[in-house]
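In: based on what follows, work out the 3D shape:
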Amino acid sequence: MVGPNEEHSREVYDRMVEQALKSVMRNAISEVAEKGFLGEQHFYISFRTTYPGVMIADVLRAQYQDQMTIVLQHQFYNLDVSDDHFEVTLSFNKKLERLSIPFDAIVSFADPAVGFGLQFSSALGDPDVDGLTSDNSDQDPEDDPEGDDPAPPEGPGEVISLDAFRKKT
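Out: You can find the predicted model right below:
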């Protein structure tokens, strides 16, 4: 049986590991902001739309009341990264929208081109993806058809979850 001190220590380590993994994600997004993507690299980023500090258009918040996934690939604009959030402009239904997403709101991050993915539990609630949307990044913003969701990441890859590091009791 795990005592209260051990449980508290486990939570402290879980938070430290999650923050370290978020810094990997932040660094990857920063690299793209500075240098662009390499080859077929692209990102799927799922986040809680209700998390404090998330700034998205009201129409998007109404459509994705809990969570949404964006794709950064070919067409995204003005990607800016700070210590605690990133901002990007994407096309939704032929309209450019500016999003501001705190890193703590992100529940999953994937780069399918290299089979890399992370899941985070600190963004309030279950980290499972329950809504998808896209910037339809491989299309011109003027040719953005309504209702097209991105394909899920494919190919062999490993999603790293903190559960893999927890001691079984």
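
In: quick one, helices of the chain?
Out: Listed in chain order, the helices of the chain (DSSP state H) span 4-35, 58-63.

In: turn those helices into TSV, including mean pLDDT, distance to Pro102 and mean neighbour count.
Out: Bear in mind the C-beta positions are built from the backbone N, C-alpha and C, glycine included. Formatted as TSV, these follow (pLDDT from 0 to 100; distance: least, Cβ to Cβ, whole Å; neighbours: other Cβ atoms under 10 Å):
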stretch	mean pLDDT	distance to Pro102	mean neighbour count
helix 4-35	89	10	14
helix 58-63	94	15	13
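
In: what's the closest of the ones you listed to Phe86?
Out: In this view, the helices of the chain are compared for proximity to Phe86 by Cβ to Cβ, and helix 4-35 is the closest at 5.5 Å.

In: what about this structure, any weak spots by pLDDT?
Out: Applying pLDDT under 70 to the chain picks out residues 1-3, 122-169.

In: let's see it at 80
Out: Across the chain, residues meeting the criterion (pLDDT under 80) sit at 1-8, 122-169.

In: show me what the residue lying closest to Ser30 once chain neighbours are set aside bridges to in the sheet.
Out: Computed as Cβ to Cβ, 6 or more residues apart in numbering, the closest residue to Ser30 that is not its neighbour in sequence is Val81, at 4.6 Å. The bridge-partner assignment for Val81, based on DSSP bridges, gives Phe86.
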